[in-house]
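Novice: Predicted model and sequence below, questions to follow.
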Amino acid sequence: MISSSRIEQDCSFKCTLLQKKMSEKSVDWLVLTSLDEVAWLLNLTGSDLPFSPLFNAYVVVAKDGIHLFVEPSKVSKDVEAYLELFKVKLHGYTDIFSYLKTKCCFGKTWLSQKCNYAIVSCIPLASRVLTSNTPVAMLKCHKTKLEIEGILEANNRDAVAFCRFLHWLESNVKNGGITECSAGDQLNAFRKDEIGFVAIGFDMMSCAGINSSVLLYCNSPDHDTPIRADEMYMIDSGGFFRDQGCTDSCRTVHYGNPTDFEKIAFTLVLQVHIDLAMAVFPCGTKGHWLATIAKMPLWKHGLDFDTNIGHGVGFFQSVEGPHGIYISQEPEVVAEAQDKELVAEMFLTDEPGYYDCGKFGIRTENTLLTVKAETQYQKEFLKFEVVSFIPIQKKMIIKSMLTEEQISWLNNYHQQCFEVIGPRLIKRGFNATYEWLKEQTTPL
């Protein structure tokens, strides 16, 4: 169960919010099958999945309250007492099917279009109300004050580990013997030194050389590639921190002599990253509207990438929708992107890239928080605040390609990295990494 120190809304309060949404939709039942939605509603965590603190369960929200369908052996006495406190009714995990067939066949039942067939088929066609997202998916995008504080702290702890890792890698890569897997293990070892670290947030992408050009590449002991100083290396990783939140960051580095085109591509990706981070936009903007603005630096040079620029980030849960900077012609992605407007107090990633198939790949990723922007005419506008403080390798940047505004943003960002993470390194006795960070964050 998530510590109460980070919970401002108990499950009774959340249930009332959902029942109000159900009344507005004129439905009698709401079925939740997405595990992160179940966890959000109940303020509970588990360990059934390898990279998310979630548990296998279903929930039905009815007019009389919450019905939880879960394997009884997974419910401890403490959790059972907690559920009783909020009048959550317990059922066996597989009892969901008979419940849907005997109860939810009367009236209207609200389900997500992403529901599996076994669940949907229990509801008569005339009784189904299918939408791209459930109201839970929409509600949990907005973070409470305590959740925001937790996610900020999680990112600061993660940045300490990430800076130690990049310092270690730069100091040792030219000696040889470091592989994709051993590098990933070393980053996780540094994370384990941080208070509250629970587990990595997803299958780490530690990509050496041409492997960095493979989108969503997964390193494996079966094909563990050495990291060489004269090739690109990209690492995309995140972690869960108890009572704080989860993180997601990516850096691409080169410790040899990169080609001119590699530096051009790196700088263009950085421009996309910076332009999105600097964006000011009306409250209610759809995330994918920002994608066109952000990708202009690459497009002007005839380059592009086919992936989404950013996705939502949950509080001690997982990658989160439906908000994000989505780019796709896939119907379900289009529906997801159309469903959610950007408002204040949302977290999402800024992760543009460029992937030259069979040669190299580049991605630079930070997590952003939407906040209110002060504008000349006091309209309701938003901007982003960066919450990931990990330096970006300056040797890969062609300064002359950047605008003065982009250079100012990068220098200010690096100053923040030093001011926020530097004191943490000194306090922990990581003096060598402090000196490394000081050098990495000098003005461009």
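Specialist: Yep, that arrived.
Novice: Residues contacting the one helix or strand residue 348 maps to, please?
Specialist: Residue 348 belongs to strand 347-350 when assigned by DSSP states H and E. Defining contact as Cβ atoms under 8 Å, 6 or more residues apart in numbering, one finds that strand 347-350 is touched by 143, 151, 248, 273, 276-277, 287, 309-314, 320, 323-325, 365-370, 384, 386-387. Backbone N, C-alpha and C define where each C-beta goes, glycine included.
Novice: Please parse the chain into its domains.
Specialist: By the assignment in automatic domain parsing, the chain contains the domains 4-139, 145-440.
Novice: Tell me which of those sits most buried.
Specialist: domain 145-440 (a mean of 19; mean count of other Cβ atoms under 10 Å).
Novice: And stretch 172-188, end to end?
Specialist: 17 Å (Cα to Cα, to the nearest Å).
Novice: Lowest-scoring secondary structure element of the chain by mean pLDDT?
Specialist: helix 331-339 (a mean of 61; mean pLDDT, DSSP states H and E).
Novice: how close does the residue nearest in space to the middle of the chain sit to residue 267?
Specialist: Among the residues of the chain, the one closest to the centroid is residue 313, at 3.2 Å (Cα atoms, centre = their mean). According to Cβ to Cβ, to the nearest Å, residue 313 stands 26 Å off from residue 267.
Novice: before we move on, what about residue 222?
Specialist: To residue 267, residue 222 is 35 Å away according to Cβ to Cβ.
Novice: Which parts of the stretch 251-400 of the chain are helices?
Specialist: Taking DSSP state H, counting those that start in this stretch to define them, one finds helices in the stretch 251-400 of the chain at 260-277, 289-294, 296-300, 331-339.
Novice: next helix or strand past the helix or strand containing residue 100?
Specialist: Counting by DSSP H and E, the element that carries residue 100 is helix 96-102. Counting by DSSP H and E, the element after helix 96-102 in chain order, helix or strand, is strand 109-112.
Novice: how much space is there between residue 424 and residue 433?
Specialist: Counting by Cβ to Cβ, the gap from residue 424 to residue 433 is 10 Å.
Novice: my bad, should have said residue 78
Specialist: For residue 78, the distance to residue 433 equals 40 Å [Cβ to Cβ].
Novice: Kindly report the same for residue 370.
Specialist: Taking Cβ to Cβ as the measure, residue 370 and residue 433 are separated by 31 Å.
Novice: ditto for residue 440
Specialist: Remark: distance between residue 440 and residue 433 (Cβ to Cβ) = 10 Å.
Novice: try residue 252
Specialist: Separation of residue 252 from residue 433 (Cβ to Cβ): 20 Å.
Novice: hang on, the earlier thing: which residues does the helix holding residue 100 contact?
Specialist: So helix 96-102 is contacted by 31, 58, 60, 67, 69, 91, 109, 118-119, 122-123 (Cβ under 8 Å, 6+ apart).
Novice: Can you show me the helices along the stretch 1-150 of the chain?
Specialist: Using DSSP H, counting those that start in this stretch, helices in the stretch 1-150 of the chain cover 11-25, 35-42, 77-85, 96-102, 117-120, 135-139, 145-172.
Novice: Could you dump those helices into TSV with distance to residue 344 and mean pLDDT added?
Specialist: TSV is the format used below for the helices of the stretch 1-150 of the chain (distance: least, Cβ to Cβ, whole Å; pLDDT from 0 to 100):
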stretch	distance to residue 344	mean pLDDT
helix 11-25	18	95
helix 35-42	19	92
helix 77-85	31	92
helix 96-102	36	95
helix 117-120	34	94
helix 135-139	15	89
helix 145-172	10	95
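Novice: Using CSV, lay out those together with distance to residue 342.
Specialist: Shown next, in CSV, are the helices of the stretch 1-150 of the chain (distance: least, Cβ to Cβ, whole Å):
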stretch, distance to residue 342
helix 11-25, 20
helix 35-42, 19
helix 77-85, 34
helix 96-102, 34
helix 117-120, 30
helix 135-139, 12
helix 145-172, 15
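Novice: where does the stretch 301-444 of the chain have low pLDDT?
Specialist: Scanning the stretch 301-444 of the chain with the threshold set as pLDDT under 70 gives 317-322, 327-339.
Novice: any chance you could map the strands in it?
Specialist: Applying DSSP state E, counting those that start in this stretch to the stretch 301-444 of the chain gives strands spanning 310-313, 319-325, 347-350, 353-356, 360-363, 366-373, 381-386.
Novice: between those, which gets nearest to residue 394?
Specialist: Nearest of the strands of the stretch 301-444 of the chain to residue 394, taken as Cβ to Cβ: strand 360-363 at 14.7 Å.
Novice: so is residue 236 in a helix, a strand, or just coil?
Specialist: With DSSP: H, G, I helix; E, B strand; the rest coil as the basis, residue 236 sits in strand.
Novice: That one against residue 250, yeah?
Specialist: Yes: with contacts counted by Cβ atoms under 8 Å, residue 236 reaches residue 250, the gap being 3.8 Å.
Novice: Can you pull the residues that touch both of these two?
Specialist: 205, 351, 363, 365.
Novice: could I get the helices of the stretch 251-400 of the chain as CSV with distance to residue 411?
Specialist: Shown next, in CSV, are the helices of the stretch 251-400 of the chain (distance: least, Cβ to Cβ, whole Å):
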stretch, distance to residue 411
helix 260-277, 11
helix 289-294, 20
helix 296-300, 18
helix 331-339, 33
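Novice: so what's the residue nearest to the centre of the chain closest to, chain neighbours aside?
Specialist: residue 347 (4.1 Å; Cβ to Cβ, 6 or more residues apart in numbering).
Novice: quick one: that neighbour and residue 311, what's the gap?
Specialist: Distance, residue 347 to residue 311, by Cβ to Cβ: 10 Å.
Novice: end-to-end on stretch 187-205?
Specialist: Termini of stretch 187-205 sit 12 Å apart (Cα to Cα).
Novice: returning to that earlier point: compare the helices of the stretch 251-400 of the chain and give me the one nearest residue 15.
Specialist: Short answer: helix 331-339, nearest of the helices of the stretch 251-400 of the chain by Cβ to Cβ, at 22.1 Å.
Novice: Show the contacting residues for the nearest residue to residue 394 once chain neighbours are set aside.
Specialist: Leaving aside its sequence neighbours, residue 394 sits nearest to residue 444 (Cβ to Cβ, 6+ apart; 6.0 Å). Residue 444 makes contacts with 394, 397, 399, 402, 407, 410-411, 414, as judged by Cβ under 8 Å, 6+ apart.
Novice: Could you rerun that using 10 Å?
Specialist: Counting by Cβ atoms under 10 Å, 6 or more residues apart in numbering, residue 444 touches 392, 394, 397, 399, 402, 406-408, 410-411, 414.
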